[in-house]
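**Student:** Just need the structure, nothing else, for what follows:
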Amino acid sequence: MSKASRNVGSLIEDAACDYLASLGYHILERNYTCRLGEVDAVAHEGGVTVFIEIRYRGKGSLESPAESLGPAKLRRLRLAIRHYVARRPVSEETVFRVDVCLARPVSETTPLRPSGDGGLVREVQVPPLGPVRFEILKGVVDFG
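**Tutor:** Numbering: from 1, shown residues only. Next up, the predicted model:
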């Protein structure tokens with residue numbers, strides 16, 4: 001991954017976490033990395049521990065952010081989540097969820113619309129990238 005790609009990725013992750021915080025997510029940790037994979041963000045929302053995968057595809061990308069979340073990435077995400085949970089004190093009552101935050105430049109997307117599956121969609125200015133559409137899909141990844 002190039003330095004420019006990492007910088008764009010950091011900008012998107014910062015904006016995504018700010019957006020999530022505005023929705024009531026309390027970000028606990030970012031970029032949890034282990035040898036098995038990475039979790040972009042870990043948060044609490046309404047008494048639930050939420051693992052968040054942030055997917056961005058820029059202008060000219062041939063795949064959507066959702067399409068970029070393939071079987072190999074999902075496998076690494078599940079392994080990283082299990083690693084995270086195994087190293088934290090967790091009660092049996094703890095509820096977990098995996099959310100996905102999809103991001104794409106507004107010029108590359110269809111008109112703003114409510115998500116049909118209960119997700120949340122909003123356009124956010126991300127300097128110097130301009131307007132980016134974020135869509136939060138709650139509980140769409142099974143990690144069990």
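**Student:** hmm, what's the outermost residue in the chain?
**Tutor:** Distance from the C-alpha centroid of the chain, by Cα atoms, centre = their mean, peaks at residue 92 (25.3 Å).
**Student:** Am I right that that residue is in a helix?
**Tutor:** No - going by DSSP: H, G, I helix; E, B strand; the rest coil, the assignment for residue 92 is coil, not a helix.
**Student:** Quick one: list the elements packing against the helix or strand of the chain with the lowest mean pLDDT.
**Tutor:** In the chain, the helix or strand scored least confidently by mean pLDDT, DSSP states H and E is strand 120-126, which has a mean of 83. Taking 3 or more Cβ pairs under 8 Å, 6 or more residues apart in numbering; DSSP states H and E as contact, the helices and strands that strand 120-126 lies on are helix 3-22, strand 130-137. (C-beta placed from N, C-alpha, C; glycine too.)
**Student:** so how far is that strand off the chain centroid?
**Tutor:** 13 Å (Cα atoms, centre = their mean, to the nearest Å).
**Student:** ok and that strand relative to helix 3-22, angle-wise?
**Tutor:** 130 degrees (axes from the mean of the first three to the mean of the last three Cα atoms, to 10 degrees).
**Student:** which neighbours does strand 120-126 have in its sheet, and in what orientation?
**Tutor:** strand 130-137 (antiparallel) (DSSP bridges).
**Student:** how about the CA coordinates for the partner strand, as PDB?
**Tutor:** What follows is strand 130-137, C-alpha atoms only, in PDB (Å, rounded to 0.1, in the frame of the first residue of the first chain):
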ATOM      1  CA  GLY A 130     -14.500  16.600  -0.700                       C
ATOM      2  CA  PRO A 131     -18.000  15.000   0.000                       C
ATOM      3  CA  VAL A 132     -17.900  11.400   0.900                       C
ATOM      4  CA  ARG A 133     -21.000   9.200   1.400                       C
ATOM      5  CA  PHE A 134     -20.900   7.000   4.500                       C
ATOM      6  CA  GLU A 135     -23.300   4.200   5.000                       C
ATOM      7  CA  ILE A 136     -23.400   2.300   8.200                       C
ATOM      8  CA  LEU A 137     -24.700  -1.300   8.000                       C
END
